[in-house]
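Asker: from the sequence below, what's the structure:
(one chain, ligands or ions: 2)
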Amino acid sequence: MSDATKDDLLQKPISRRDMLKLGAAGGVGLLLGAGGLTGVLAGTGMLKDSAKAADAQTAGDTVPFYGKHQAGIVTPAQDFICLGAFDVTTTDLGALRTLFQKWTEASAKLAQGQGVGDESGNPILPPVDTGEAMGLNAAGITITFGVGASLFDGRFGLGSKRPAALVDLPAFGGDELQPEWTGGDIAVQVCANDPQVAFHALRNLARIARGKAVLRWVQDGFQRTRTADPNGSTPRNLLGFKDGTNNPDVKKADVADDIVWATQADGANWMADGTYMIMRRIRMRIEVWDRTHLNEQEATFGRHRDSGAPLGEKDEFAPLDFAKQDDKGKLMIPMNSHVAVANMGGKVKIHRRGYSYSSGIDLKTGQLDAGLLFICFNRDPRRQFIPMQQALAAQDKLNEYIVHVGSAIFAVLPGAKAGGCIGETLF
Ligand SMILES: C=CC1=C(C)c2cc3[nH]c(cc4nc(cc5[nH]c(cc1n2)c(C)c5CCC(=O)O)C(CCC(=O)O)=C4C)c(C)c3C=C
Ligand SMILES: [Fe+2]
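Answerer: Ligands and ions are numbered 1, 2, ... in the order given. Modelled structure (predicted):
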């Protein structure tokens, strides 16, 4: 084996699957034994696997956990989400710091496709990791942490550090918020290309938090999978429309700087390179929508259903022309359509990263409890999400078919370097 290949293998994170194979071959310790690497890897078939794994990695199998910004914000959306909000039960700032230290270490391991910690090997103790992700790769997992306004109350003496941009969201017209889907001291957003990998991460992070924080609400969500749509075209929401077409291109650093990342100049020094996340659990009146004719559906969004193009256009990515009229002088895109209102004259932008959710049925009505787990990231909600949602609440034709039932806002912490800790700029 060439030195370069050996280096690659040593750099390559060892996945849960590799661990199992190494375990069967005599233990991970062998990996470190002098000259043992080639033999162990050949014996387990990992040499062949490592070539496959390298391919998988280029397909986004592992996303670095550490960095200037947290992952899971401008990272292209994975197929599944498991979003949890926690209430902190400890009143000790030191314990909160320790929790974030433990969460950081565990998350860095999970991002590499590993379990949350080293097993003791003692059969009379519960395993350190819950085990349901054994044999699964990292599936592009990202874990993103944020803190809610309630964390800045009297409990930890953090009141003076509450960023001005971390406002309590105002009441919006038409809101029917339910307390069980609202608020939270801490948000943990887990996204992955496998639902079990995502669930496993949130479950283990909740387990680590025992005695310090408890889950307040959890919402799973999904988009189409890569298997069903290998081309990665724009996902469709549960109303059947392509959703995300005109999202700003946050892969471009200048666009992300403008729309997503907070700076020191924005008010709170500790939030530099962080962002603000808004979650809205938006239930869709699916049964009503399904009885609505296509013209009306398209007028509601201002786009064609099949292509996703603006009304009157053929190409999904054609620019929106709100002045364009049909041959009778009627606006092609109605002024009260969702895109016309959300566009805000092109002056206000947010980065949307939502998922569909389906949570069974409403037992009272027998109707589907399904909709959009709306998530957006923005640099200052006072200038971005809030005015946009105020306009939508007042004018959006889509309001006939949706109702906002959950809501939360979080300051998403800056990223950390390897060896550092998420939250170190705050606590
Ligand atoms: C406050 C922000 C927004 C909420 C809440 C929201 C809810 C919501 N949106 C859809 C479906 C679509 N939205 C689309 C575009 C779009 N939506 C927002 C903002 C909110 N949406 C913006 C800023 C935009 C882009 C506007 C523009 O300038 O073009 C679209 C069209 C395709 C696209 O560009 O993504 C769809 C479809 C649903 C179903 C929903 C609540 C359930
Ligand atoms: Fe929208």
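Asker: which ones are touching the nearest residue to residue 119 once chain neighbours are set aside?
Answerer: Among residues not flanking residue 119 along the chain, residue 128 sits closest, at 5.3 Å (C-beta to C-beta, 6 or more residues apart in numbering). (Glycine included, C-beta is placed from N, CA and C.) Applying C-beta atoms under 8 Å, 6 or more residues apart in numbering to residue 128 gives the contacts 115, 116, 117, 118, 119, 120.
Asker: tell me the two of the residues you listed that are most distant?
Answerer: Of all pairs drawn from the contacts of residue 128, the widest gap by C-beta to C-beta lies between 116 and 120 and measures 13.0 Å.
Asker: just to revisit the earlier point, which of the contacts of residue 128 tops the neighbour count?
Answerer: residue 116 (24 neighbours; other C-beta atoms under 10 Å).
Asker: next one: it from ligand 1, what distance?
Answerer: 34 Å (C-beta to the nearest ligand atom, to the nearest Å).
Asker: that residue in helix, strand or coil?
Answerer: Following DSSP: H, G, I helix; E, B strand; the rest coil, we place residue 116 in the coil state.
Asker: before we move on, the earlier item: does the residue nearest to residue 119 count as helix, strand or coil?
Answerer: coil.
Asker: that older thread, which one of the contacts of residue 128 sits closest to residue 351?
Answerer: residue 116 (29.3 Å).
Asker: doesn't residue 106 make contact with that closest one?
Answerer: Yes. Between residue 116 and residue 106 a contact is recorded at 4.1 Å, counting by C-beta atoms under 8 Å.
Asker: about what we covered before: quick one, grab the pLDDT at the residue nearest to residue 119.
Answerer: Per-residue pLDDT puts residue 128 at 97.
Asker: how much space between it and residue 384?
Answerer: 41 Å (C-beta to C-beta, to the nearest Å).
Asker: for residue 289, same thing?
Answerer: Residue 289 is 28 Å from residue 384, by C-beta to C-beta.
Asker: neighbour count winner among the two?
Answerer: residue 384 (23 against 18).
Asker: skipping adjacent residues, who's closest to the more buried one in space?
Answerer: Per C-beta to C-beta, 6+ apart, closest to residue 384 is residue 378, 3.9 Å.
Asker: quick one, what contacts that neighbour?
Answerer: Counting by C-beta under 8 Å, 6+ apart, residue 378 has contacts 259, 260, 275, 276, 278, 350, 351, 384, 385.
Asker: hmm, 6 Å instead?
Answerer: 276, 350, 384, 385 (C-beta atoms under 6 Å, 6 or more residues apart in numbering).
Asker: and if you look at residue 159?
Answerer: Contacts of residue 159 by C-beta under 6 Å, 6+ apart are residue 152.
Asker: apply 8 Å and report the result again.
Answerer: Per C-beta under 8 Å, 6+ apart, neighbours of residue 159: 152, 153.
Asker: in three-state terms, label the closest residue to residue 213 other than its chain neighbours for me.
Answerer: Leaving aside its chain neighbours, residue 213 sits nearest to residue 86 (4.2 Å; criterion: C-beta to C-beta, 6+ apart). With three-state DSSP as the basis, residue 86 sits in strand.
Asker: if I look at residue 86, how far off is ligand 1?
Answerer: Taken as C-beta to the nearest ligand atom, the span from residue 86 to ligand 1 is 24 Å.
Asker: same check on residue 253?
Answerer: Taking C-beta to the nearest ligand atom, one finds residue 253 at 21 Å from ligand 1.
Asker: count the residues that sit near that residue.
Answerer: 10.
Asker: kindly report the same for residue 352.
Answerer: Using other C-beta under 10 Å: residue 352 sits among 19 other residues.
Asker: for it, give the beta-bridge partners.
Answerer: residue 376 (DSSP bridges).
Asker: assess the claim that it and residue 376 are in contact.
Answerer: Yes. The criterion here is C-beta under 8 Å, and residue 352 meets it with residue 376 at 5.0 Å.
Asker: list the helices and strands the strand or helix carrying residue 410 packs on?
Answerer: According to DSSP states H and E, residue 410 maps onto strand 402-412. If contacts are counted by 3 or more C-beta pairs under 8 Å, 6 or more residues apart in numbering; DSSP states H and E, strand 402-412 sits against strand 142-148, strand 186-192, strand 275-284, strand 368-378.
Asker: if we use 10 Å, what do you get?
Answerer: strand 80-88, strand 142-148, strand 186-192, strand 213-222, strand 275-284, helix 286-289, strand 368-378, helix 385-395 (3 or more C-beta pairs under 10 Å, 6 or more residues apart in numbering; DSSP states H and E).
Asker: list the buried ones in it?
Answerer: 402, 404, 405, 406, 407, 408, 409, 410, 411, 412 (16 or more other C-beta atoms under 10 Å).
Asker: pull the most distant pair out of those.
Answerer: Every pair of those checked by C-beta to C-beta; the farthest is 402 and 411, at 26.5 Å.
Asker: can you count the residues close to the residue nearest to residue 213?
Answerer: By other C-beta under 10 Å, 25 other residues sit near residue 86.
Asker: which residues touch it?
Answerer: Applying C-beta atoms under 10 Å, 6 or more residues apart in numbering to residue 86 gives the contacts 99, 145, 147-148, 151, 184-188, 205-206, 209, 212-218.
Asker: who is it paired with across the strands?
Answerer: residue 186, residue 215.
Asker: for it, give its distance to residue 195.
Answerer: In terms of C-beta to C-beta, residue 86 sits 21 Å off from residue 195.
Asker: same check, this time on residue 370
Answerer: Taking C-beta to C-beta, one finds residue 370 at 16 Å from residue 195.
Asker: returning to that earlier point: out of the contacts of residue 86, who's near ligand 1?
Answerer: Contacts with ligand 1 within the contacts of residue 86, counted by C-beta under 6 Å from any ligand atom: none were found.
Asker: quick check on those: which are buried?
Answerer: Buried among these by 16+ other C-beta under 10 Å: 99, 145, 147-148, 151, 184-188, 205-206, 209, 212-213, 215-218.
Asker: which residues does the closest residue to ligand 1 within the stretch 1-150 of the chain contact?
Answerer: Closest contact between the stretch 1-150 of the chain and ligand 1, by C-beta to the nearest ligand atom, is at residue 77 (12.2 Å). If you count contacts by C-beta under 10 Å, 6+ apart, residue 77 has them with 140, 142, 191, 221, 223, 232, 235, 244, 247, 352-355, 375.
Asker: do you know how far the residue nearest to residue 119 is from residue 310?
Answerer: For residue 128 relative to residue 310 (C-beta to C-beta), the value is 53 Å.
Asker: same thing with residue 106?
Answerer: With C-beta to C-beta as the criterion, residue 106 and residue 310 are 45 Å apart.
Asker: thanks a lot, catch you later.
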